[in-house]
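**Student:** structure of the sequence below:
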Amino acid sequence: MPKKLRIADEFVYALAGIYSQRVRDHIRNLISLLPENPELGSANVRQSLSDRYGIGIRKIPVSTFVIVYRISDDFIDVLALVYGPSIV
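**Tutor:** Numbering: from 1, shown residues only. Take a look at the predicted model:
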């Protein structure tokens, strides 16, 4: 059974700041795949992302950005869209 998406305000604000329509569309497309494919992203995340968003997060790189999300029993929480080069 597909999980439900919950999108954090932080993600929405970051997505709105992307000027490329092509990149925004690609990100939206990937997000739309998550309910049926929750393990689409990698669980191999940098410590700085785990420190900020907690354990158990996953990532999907897109262009110069990283989609950060977490899978729970009933939901996929899309937490953030982080500019890749800013991740240390």
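**Student:** could you use CA atoms for every contact and neighbour count after this?
**Tutor:** Fine.
**Student:** mind checking the end-to-end distance for stretch 42-49?
**Tutor:** End-to-end distance of stretch 42-49: 13 Å, with C-alpha to C-alpha, to the nearest Å as the criterion.
**Student:** list the buried residues for it?
**Tutor:** For stretch 42-49, a neighbour-count test (16 or more other C-alpha atoms under 10 Å) marks 45, 49 as buried.
**Student:** quickly list what the one residue sitting closest to the centre of the chain is bridged to.
**Tutor:** When C-alpha atoms, centre = their mean is applied to the chain, the residue found nearest the centroid is Ile67 (2.6 Å). For Ile67, the beta-bridge partners under DSSP bridges are Ile60, Leu81.
**Student:** and it, how far from His26?
**Tutor:** In terms of C-alpha to C-alpha, Ile67 sits 11 Å off from His26.
**Student:** ok, now Tyr19?
**Tutor:** Tyr19 sits at a distance of 13 Å from His26 (criterion: C-alpha to C-alpha).
**Student:** and for Val78?
**Tutor:** To His26, Val78 is 15 Å away according to C-alpha to C-alpha.
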